[in-house]
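Trainee: Just the structure for this:
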Amino acid sequence: MTSLRIGHGYDIHRIVAGRPMILGGVRFEADYGLDGHSDADALTHAICDALLGAAALPDIGHFFPNTDPAYKNIDSQVLLQRVTAELAKLGWRIVNIDASVIAEKPKIYPRLAEMKSALARSTGLGVGQIGLKATTNEGVDQIGEGLAIAAHAVALIEHV
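Mentor: The predicted model follows:
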């Protein structure tokens, strides 16, 4: 068994009126947000799945099911902290995370540094261990029409 593993995560949520817009642990000023059981932070959910996948564990829905009222509107940074703790308990250390957010709105680029800081606090990583990019879908499909936001993430972990 190698001591290094990589995992990939993906998440997508519909944009709806009347919910807070939270991405990467940062709240954006908007009159819309992402639909979901928790705070619906698609970026953080993708990162959780990348970390869990790297450790060959089940996905975020297994650990934090949307049928459990305990997770209703929960801060996804709490979920990321729990995933990080679960990996540590199993002897895994996060080496780095790289993620991309795909959204037409809101404008993500100006908030990337804040998002990296929030994710670093939740994982115990330095901000230099987190790559974060924002892009659009150039008007294509529901993301491009501003109806949804998606995120991809990869994570490298090391068995210590």
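
Trainee: switch to C-alpha atoms for all contacts and neighbour counts from now on
Mentor: Noted.

Trainee: which residues sit in contact with the closest residue to residue 117 other than its chain neighbours?
Mentor: Spatial nearest neighbour of residue 117, excluding adjacent residues (CA to CA, 6 or more residues apart in numbering): residue 127 at 6.0 Å. Shown in contact with residue 127 (CA atoms under 8 Å, 6 or more residues apart in numbering): 116, 117, 120.

Trainee: Closest one of those to residue 3?
Mentor: Taking CA to CA as the measure, residue 3 lies nearest residue 120 of the contacts of residue 127, at 22.4 Å.

Trainee: pLDDT wise, what is that closest one at?
Mentor: Looking at residue 120, its pLDDT reads 98.

Trainee: quick one on the thing from earlier: pick out the one among the contacts of residue 127 with the largest number of neighbours.
Mentor: With neighbours defined as other CA atoms under 10 Å, the most crowded of the contacts of residue 127 is residue 116; it has 22 neighbours.

Trainee: From residue 36, how far out is that residue?
Mentor: As for residue 116, its distance to residue 36 is 22 Å (criterion: CA to CA, to the nearest Å).

Trainee: now swap in residue 87 and tell me
Mentor: Counting by CA to CA, the gap from residue 87 to residue 36 is 25 Å.

Trainee: Neighbour count: those two, which is higher?
Mentor: Neighbours per residue, other CA under 10 Å: of residue 87 and residue 36, the larger number sits with residue 87, 21 against 18.

Trainee: mind listing what residue 76 touches?
Mentor: Counted by CA under 8 Å, 6+ apart, residue 76 has contacts 25, 38, 39, 40, 41, 44, 45.

Trainee: Quickly check those for the two that are furthest apart.
Mentor: 25 and 38 (12.3 Å).

Trainee: higher neighbour count, the two?
Mentor: Taking neighbours as other CA under 10 Å, residue 25 and residue 38 compare with residue 25 leading, 24 against 20.

Trainee: coming back round to it: what touches both of residue 25 and residue 38?
Mentor: Joint contacts of residue 25 and residue 38 (CA under 8 Å, 6+ apart) are 75, 76.
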